[in-house]
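Participant: Kindly generate the corresponding structure for this input.
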Amino acid sequence: MSDATRLAAASLAAGDPTGWFERLYAEAGAGTAQVPWDVPEPSRYLAGWVRRGDVTGGGREALVVGCGLGRDAEFLAGLGFAVTAFDISGTAVRTARERHPSSSVEYVVANLLDPPPQWHGRFDLVVESNNVQALPGPERARAIANVGPMVAPGGTLLVIAVAEQGERQGPPWPLTRAEIDAFAGPSLTPVAVEHLRDPDDPLVARWRVEFRAAD
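Facilitator: As a prediction, the model looks like this:
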C-alpha cells in the first residue's frame, strides 16, 4: 500500500476527505513518506498538449489547481504565463516556494471546495491535473463545479484525470465521462476530448480534455 493510499484511507474513515494531503506532504518532509507525484518533470499530458498547440503565455494569467510541489506551475511560468498556483496543503505550498526561490509563480494556500471569490472569471488558462480524482463523490462534484467558473471569457480549461486503472484501489478514483462533461458547466464548451492509454501501464487510461469559454 502506498503512503498516499494509507493516509487517504485513514482520513476518509475519519470523515475528512482532504486532510490526508497535508499529512502526506508533512510526512514526506519528515522523511517518513513518499509523494508519488513528486517527479522532476511536468505532466507528460500537459507538456504534450502544449507542444501540440504551440502554447505560449505572453503574460496571460494561468491557474494551476492543486499545484503540489510546483512542477506544472513552473513549466507554465517558463512558457510566459503569469501563474497562480494553489494547494490545500500549507506544507506543499511552503515546499514549492523553497524549491523555487526565484520563481515568478504566486504560490498560495486555498481550497478548491471553497475557492477565493476574486478568482471568478479571472484566468486565461486553468489547469486541473489529477486533483478531483482524489476526492470521494459529494466533494468531487463540488470541486468539479468550482473549476470552470475560474476561467476568463475566451479562456481555456485543461482537465487531466484517470479514466481507467484496472483493479487498483483508489484514490485516485477514475472519472466517468459524465463527470468530465460536468466540468463544462453553463459557460464552457469541450473542444477536444481524448482518452489516452498510459505508455507505462496498459491497464491505465487518462482523460485529457480541453474546454473553451465564450468570449
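Participant: Angles on the backbone of the residue nearest the centre of the chain, please.
Facilitator: For the chain, the residue nearest the mean C-alpha position is residue 129 (3.1 Å; CA atoms, centre = their mean). Main-chain dihedrals, residue 129, degrees, to the nearest 10: phi -120, psi 100.
Participant: Give me the pLDDT value at residue 210.
Facilitator: According to the prediction, residue 210 has pLDDT 98.
Participant: if we can go back for a sec, wait, the residue nearest to the centre of the chain touches residue 172, no?
Facilitator: No. Look at residue 129 against residue 172 with CB atoms under 8 Å: they stay out of range, at 11.4 Å. Glycine gets a C-beta too; all of them are placed from N, C-alpha and C.
Participant: Please identify every residue contacting each of these two.
Facilitator: residue 161 (CB atoms under 8 Å, 6 or more residues apart in numbering).
Participant: Doesn't residue 84 lie inside a strand?
Facilitator: Yes. Assessed with DSSP: H, G, I helix; E, B strand; the rest coil, residue 84 lies in a strand.
Participant: Next, count neighbours for it.
Facilitator: By the criterion of other CB atoms under 10 Å, residue 84 has 22 neighbours.
Participant: swap in residue 60?
Facilitator: 19.
Participant: Likewise for residue 65?
Facilitator: Count around residue 65 with other CB under 10 Å applied: 24.
Participant: So the closest residue to it other than its chain neighbours, which state does it fall into?
Facilitator: The spatial neighbour of residue 65 that comes closest, neighbours along the chain excluded (CB to CB, 6 or more residues apart in numbering), is residue 128 at 4.5 Å. Following three-state DSSP, we place residue 128 in the strand state.
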